[in-house]
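let me see the structure of the following:
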Amino acid sequence: MITTTQATNKYGIPSKNPNYLVTLQLPYPMRLSWDKNVKVNKMQCHKLVHDKFKSVFTELLEVYGYEKIVELGIDLFGGCFNFRAMRGGTAPSRHSWGIAIDLDPERNQLKTQWSNAQFSKPEYKPMIDIFYKNGFVSLGKEKGFDAMHFEVKE
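Just a heads-up that it's a prediction; the model follows:
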């Protein structure tokens with residue numbers, strides 16, 4: 001995983017009003033996790049990870065198909081860019097750069113142990129593999145908690 005120093009060196013100093021964000025048009029509509037009636041068709045992310053995110057979502061659609069993505073809750077968007085400190089700390093969250101995404105936060109909560117998280121189930125292995133193939137890591141898999149969170153590894 002990337003350290004705060006490495007993130008700053010590669011992606012710049014995080015900002016409340018950044019000029020490093022670009023808009024990614026998603027290849028399928030997602031739903032806001034806290035209001036499932038709201039569709040998300042695009043998201044803001046760091047310009048250096050735009051293509052990585054695009055590849056992840058394109059491959060997810062190819063592997064699962066849209067109906068299965070919805071059935072499994074892979075389309076439940078919990079956010080990408082959010083200028084804030086890490087929970088319980090002072091260092092910037094990886095979301096402050098737009099280099100991380102949260103998916104299906106209700107069933108993959110911060111303090112839920114990996115073995116109890118939705119994303120630890122076998123049907124999500126292709127999704128996890130797609131994130132890793134495209135340069136991301138799963139905090140759930142790596143740290144044992146926060147399974148909703150995927151961030152660039154470098």
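
what segments of the protein are helices?
4-11, 50-64, 66-72, 125-133, 139-143 (DSSP state H).

flag every buried residue along the third one.
By neighbour count, and taking 16 or more other Cβ atoms under 10 Å as the criterion, the buried residues in helix 66-72 are I69, V70, L72. All C-beta atoms are positioned from the backbone trio N, CA, C, and that covers glycine.

and that helix, average pLDDT?
Helix 66-72 carries an average pLDDT of 98.

let's see that helix as PDB, backbone CA atoms only.
Extracted C-alpha coordinates of helix 66-72, given in PDB (Å, rounded to 0.1, in the frame of the first residue of the first chain):
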ATOM      1  CA  TYR A  66     -24.900  -5.400 -15.300                       C
ATOM      2  CA  GLU A  67     -27.700  -7.500 -13.700                       C
ATOM      3  CA  LYS A  68     -25.200  -9.500 -11.600                       C
ATOM      4  CA  ILE A  69     -23.300  -6.300 -10.600                       C
ATOM      5  CA  VAL A  70     -26.600  -4.900  -9.200                       C
ATOM      6  CA  GLU A  71     -27.600  -8.300  -7.600                       C
ATOM      7  CA  LEU A  72     -24.200  -8.400  -5.800                       C
END
